[in-house]
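Peer 1: Turn this into a structure:
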Amino acid sequence: MTPEEVLARLEAPLSLRKRVGYLTVGLAGLTGSGLIALLWATEPGLPPRTQVAFAVLTAIGLCWAAFGAWAVTRRTPLFARDRVVAAWLGAAAWLVFTVGALIITALRHQYEPSLLAVVLALGVLAAVNLRMARRSRAALIRRKTELTADR
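Peer 2: Have a look, this model is predicted:
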């Protein structure tokens, strides 16, 4: 493949497959947050920690919906920026989950080893995903810079 062909592929907008995928992510986030908000609104007298959990889950769903809308509406090449943003969203969701789980566990004075294992596993997954996304983006940017310098 010639450098011009590689550069043309790098500068192409999102494919239809990726657009459909991001549309699905956005709709899933919107549907999930809508259902949780509906459940929250129709259940009177929920304990405060349940209301906080519903609020957080609704916010996370809305963030994924906004991400899906953002990715679908981009007309310029993303150079894996979408992966980095999704990885940061995943890491933020993990952090919120971890803080909430630790607060609830501390208030109940019941420490579960399985919760620690889940939190650690999800944290490692979020960190690895973020690292891979950032490395992928850096490699694409580096490749684009090399190809445009050769022109």
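
Peer 1: Now do the end-to-end distance for stretch 77-84.
Peer 2: 14 Å (CA to CA, to the nearest Å).

Peer 1: model confidence over it, on average?
Peer 2: For stretch 77-84, mean pLDDT rounds to 82.

Peer 1: and it, which residues are buried?
Peer 2: 78, 79, 80, 81, 82, 83, 84 (16 or more other CB atoms under 10 Å). All C-beta spots, glycine's among them, are computed from the backbone N, C-alpha and C.

Peer 1: Turn those into JSON lines, columns for distance to residue 31.
Peer 2: Shown next, in JSON lines, are the buried residues of stretch 77-84 (distance: CB to CB, whole Å):
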{"residue": "78", "distance to residue 31": "24"}
{"residue": "79", "distance to residue 31": "29"}
{"residue": "80", "distance to residue 31": "27"}
{"residue": "81", "distance to residue 31": "25"}
{"residue": "82", "distance to residue 31": "20"}
{"residue": "83", "distance to residue 31": "23"}
{"residue": "84", "distance to residue 31": "25"}
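
Peer 1: Show me what the one helix or strand residue 148 maps to is packed against.
Peer 2: Taking DSSP states H and E as the criterion, residue 148 maps to helix 113-150. Helix 113-150 makes packing contacts with helix 3-10, helix 81-108 when contacts are defined by 3 or more CB pairs under 8 Å, 6 or more residues apart in numbering; DSSP states H and E.
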